[in-house]
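Peer 1: Dropping a prediction and its sequence here:
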Amino acid sequence: LYKTILFSDMVWSMFMIFRMLMQDGALPDGTPIAGRLYEMYGIGFMVPYMLCLLFAVFGIFNLMTALFVENVMDAAKQKQQLSLVQERVRVAQKLRELVLRFSG
């Protein structure tokens, strides 16, 4: 019944696959679409679906998290280096003031 409605053309099929990967794959009657497709196509559907879902969840999202953490760590490192330079300048200025005060 739902096969002709949900997968009628390429654009709608891609949208349904997107919904399934985003964990919103429910049919109009509320049943999960992955379960219905498993009933229709069996293990030939479920294994590739599980592999794609695992790749999306653990692969792509882990990569995005790693990029975010790397950018934050780089920004913190640059801020620390800037702080070190500022501290060196402050110490040099204080030393200069002390030398000028005691030398003359």
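Peer 2: Perfect, I can see it now. A quick note: this is a predicted structure, and the numbers were derived from the prediction, not measured. Residues are numbered from 1 along each chain as shown.
Peer 1: contacts, neighbours, all on C-alpha from now
Peer 2: Noted.
Peer 1: which SS class is Gln23?
Peer 2: Following DSSP: H, G, I helix; E, B strand; the rest coil, we place Gln23 in the coil state.
Peer 1: would you say Leu98 is within a helix?
Peer 2: Yes - under three-state DSSP, Leu98 falls within a helix.
Peer 1: residue nearest the centroid of the protein?
Peer 2: Met64 (3.3 Å; Cα atoms, centre = their mean).
Peer 1: That residue and Phe55, how far apart?
Peer 2: With the distance defined as Cα to Cα, to the nearest Å, Met64 ends up 13 Å from Phe55.
Peer 1: Could you list the low-confidence segments of the chain?
Peer 2: For the chain, applying pLDDT under 70 flags the ranges 1-4, 104.
Peer 1: for it, what spans make up the helices?
Peer 2: Counting by DSSP state H, the chain has these helices, from start to end: 2-6, 10-21, 33-41, 43-54, 61-103.
Peer 1: Let me have these in CSV, extended by distance to Leu27.
Peer 2: Output for the helices of the chain, formatted as CSV (distance: least, Cα to Cα, whole Å):
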stretch, distance to Leu27
helix 2-6, 8
helix 10-21, 10
helix 33-41, 6
helix 43-54, 17
helix 61-103, 26
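Peer 1: can you pull the buried residues of stretch 11-27?
Peer 2: Met16, Ile17, Met20, Leu21, Gly25, Ala26 (16 or more other Cα atoms under 10 Å).
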